[in-house]
Structure formats: C-alpha cells, structure tokens
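Enquirer: got a predicted structure plus its sequence, pasted below:
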Amino acid sequence: LICDSIHCAKEVVYDSQVKLRAVTARGDDLKPTGTMSGGAPDRRGPILLDLIDYTTFKSEISWKEAEVEKLGKEVARYDKVRGRYSELKDKLERASARLEALKESFKDGPLQQLSEEIKMLEKDLPECDELLREMTKQAKELNDRINAYEERKRNEQAFISTYGGAS
C-alpha cells in the first residue's frame, strides 16, 4: 500500500486488522514485522515522486504528440486550400490583364469612337427636341399668318373685282 506520510503508513502497517506492508511517497518501506527501511533522506529525492513526474510528463508528451499530429493534418489541408487559392489568384490576374489589354485596344478603335459619338448625340438630343418643338410652333404660326394673308388677298381681289371695275 502506498501512503502519503510515514504517520499514515505506521497506522496502516501496525493496525491489528490490516497488517499490510506500506511504502511512503518518499520511499520509506514499513513492514508489519517491525522492519523499516529507507528513512534517510535520499539526495536524489523520493523515487515515487519521480515516477509520478515521469508518468505526468509521459502523458503530457503523448497529448502534445497527438496535438502535433492533428496540427500536421490541418496544415496539410490548408496547404491544399492555399494551392487552390494561388491558382485562382493567378487565373484572376491573367484575366484582369487580358481585360485591360482588350479595353486598351478598343479605346482608340472604331467601336469606341462610335460609342463616344452616340453619347455626345444622346447628350444633345434634349436640346434638339426643344429646338424642334420651337421651330414647329413657329412654322405653325407662320402658316397661320400665310393663310390669313392669302385669305385677305383673295378677299381684296374679290372686292376689287366686284367693286373695282365699277369705278
């Protein structure tokens, strides 16, 4: 039986109902026959405490190895994603460069010139519509005046032919 202190070990070993061998965490060995070994402080420290430290470190190493393996798998997965990202980024850069080259080639081409001319004409269109309305209005007014003058001329000629010959 392993005990925390020598006092606890003595109670277990010398109890009439238990009578078991006990070892303390410091390495003291007590037997029901009355034999006790160890007891002098070891310069290395208690071996059982070293064993506890060893098992603690061993489990910590196992945990860290598992964590490293998990992170390694994650890094491998991200490497695939990074490769795909780089591939798509290069593709985008090539497409952007091609688009810019096409824009530049169309910039001075006939299509671009026609497009600019259409934009200018569309810009002038409202002004031309207004001018057309004004000219149509003036033409109607002039036609009305011409019709009025023609009517007046016919009336004068009729008057002259009716009354002009009598004088």
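Expert: Nice, I can see it. Numbers count the residues shown, from 1 in each chain.
Enquirer: okay, strands next: where are they in this protein?
Expert: 2-3, 22-24, 29-30, 36-37 (DSSP state E).
Enquirer: which one of these has the lowest average pLDDT?
Expert: When the strands of the chain are compared by mean pLDDT, strand 36-37 comes last with a mean of 70.
Enquirer: counting contacts, what elements does that strand pack onto?
Expert: strand 29-30 (3 or more CB pairs under 8 Å, 6 or more residues apart in numbering; DSSP states H and E). Bear in mind the C-beta positions are built from the backbone N, C-alpha and C, glycine included.
Enquirer: can you pull out the residues in contact with the strand it packs on?
Expert: For strand 29-30, the surrounding residues in contact (CB atoms under 8 Å, 6 or more residues apart in numbering) are 6, 9-10, 13, 21-24, 36-38.
Enquirer: what lines up beside that strand in the sheet?
Expert: Looking at strand 29-30 with DSSP bridges, its paired strands and their directions are strand 22-24 (antiparallel), strand 36-37 (antiparallel).
Enquirer: can you list the ones you listed in JSON lines and add mean neighbour count and distance to Gln112?
Expert: Converted to JSON lines, the strands paired with strand 29-30 look like this (neighbours: other CB atoms under 10 Å; distance: least, CB to CB, whole Å):
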{"stretch": "strand 22-24", "mean neighbour count": "21", "distance to Gln112": "96"}
{"stretch": "strand 36-37", "mean neighbour count": "13", "distance to Gln112": "103"}
